[in-house]
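*Asks:* just the structure for this:
(one chain, ligands or ions: 2)
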Amino acid sequence: MGEAIVFTSGKGGVGKTTTIANIGAGLSRLDKKVIMLDTDMGLRNLDVVMGMEDQIRYHLLDLLENRCRLKQALIRDKRFPNLYMIPAALRCEKISDYETKLYTLVSELKQEFDYVLIDCPAGIDDGFHFAVSAADRAVVVTTPHISAVRDAARVLYLLEGMNLSRVDLLINSYHARMVRKRDMLSDRDVEDILGMKSVGVIPLDDKVIVSQNQGVPVIAFRSKAARAFMQAAEAIDRPFVFPVDLDNEESFDTDNSILLKRGGCGYEA
Ligand SMILES: Nc1ncnc2c1ncn2[C@@H]1O[C@H](COP(=O)(O)OP(=O)(O)O)[C@@H](O)[C@H]1O
Ligand SMILES: [Mg+2]
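*Replies:* Ligands and ions are numbered 1, 2, ... in the order given. A predicted model of the protein is given here:
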């Protein structure tokens, strides 16, 4: 029986779709059978990031409304072993009406796949609840930007009440030089603010953009981001590691924290 993992963030543009594409490819390289579902109706772009837009015949809504069979909606990635995708529809009137159907579909997919990775729309309204409703686990993606971290805190707070077996944090677009100059939150700062360890820190890397323009996940190329995504895929595939102890003062040892200077994030996660 596989597991369904939703990739969510609150804030848009932090790298959820990029992360799904690369973690999906990374997990497939670990011999896992993986399917990626794009639930970002209206703004679908997982197919573009994966270079699969020309292969779309049916989409997720067609499948949920029984206009096609599962096999017809699945697109197989020929470059990675056992990696598949179902694209999002370009519009969907009332997404919350489809929650039960999505749950049933994901349950069926878990019989066949080791991982069902769900790309969640930005925000915390109906699209968020739709995507999370079918998931067993979540990966919260954030960048070290203060607004993204604040939204991640809000999302973590909401996920607490949503009956998931595991929630991981992934930090994307990390700019080491800015961190060294103390112009950006460090990974440790982000972890301390959110009260949990991350499963991976992905550097800001031009190769991510170059590879996306070619429709290939960056993990296929030699690059810092590729190595970091592969390590994150391995961590996501490993059993759960307990988060830092919030009562332990040492876990808040952040003398260079920009956030502490600003007086905190504003959400109790
Ligand atoms: N680690 C990274 N380094 C450089 N650019 C990145 C990185 N991660 C994401 N991007 C770029 O940021 C933009 C937004 O990423 P995307 O995955 O579409 O975010 P989301 O799905 O959260 O809206 C894209 O143009 C992508 O190429
Ligand atoms: Mg996206």
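
*Asks:* which stretches of this protein form strands?
*Replies:* In the chain, the strands defined using DSSP state E lie at 3-8, 34-38, 75-76, 83-86, 115-119, 137-142, 166-174, 198-203.

*Asks:* now, of the ones you listed, which is deepest in the fold?
*Replies:* Each of these was scored by mean neighbour count; the highest is strand 34-38, a mean of 28, by mean count of other C-beta atoms under 10 Å. Yep, even glycine has a C-beta here, placed from its N, CA and C like the rest.

*Asks:* contacts for that one?
*Replies:* 17, 20-21, 24, 27-28, 44-47, 50, 60, 74, 82-88, 106, 109, 113-119 (C-beta atoms under 8 Å, 6 or more residues apart in numbering).

*Asks:* equivalent analysis for stretch 100-119, please.
*Replies:* Contacts of stretch 100-119 (C-beta under 8 Å, 6+ apart): 1-7, 16-17, 20, 23-24, 27, 32-40, 46, 63-64, 70, 84, 88, 130-131, 133-135.

*Asks:* so for stretch 5-16, what's the average pLDDT?
*Replies:* Per-residue pLDDT values across stretch 5-16 average out to 95.

*Asks:* that older thread, contacts with ligand 1 among the contacts of stretch 100-119, please.
*Replies:* When C-beta under 6 Å from any ligand atom is taken as the criterion, the members of the contacts of stretch 100-119 that contact ligand 1 are Lys16, Thr17.

*Asks:* what about ligand 2: which of the contacts of stretch 100-119 touch it?
*Replies:* Among the contacts of stretch 100-119, the residues within reach of ligand 2 (C-beta under 5 Å from the ion) are Lys16, Thr17.

*Asks:* so which residues on the stretch 1-150 of the chain come close to ligand 1?
*Replies:* For the stretch 1-150 of the chain, the residues in contact with ligand 1 under the definition C-beta under 6 Å from any ligand atom are Ser9, Gly12, Gly13, Val14, Gly15, Lys16, Thr17, Thr18.

*Asks:* I appreciate the help and will end here.
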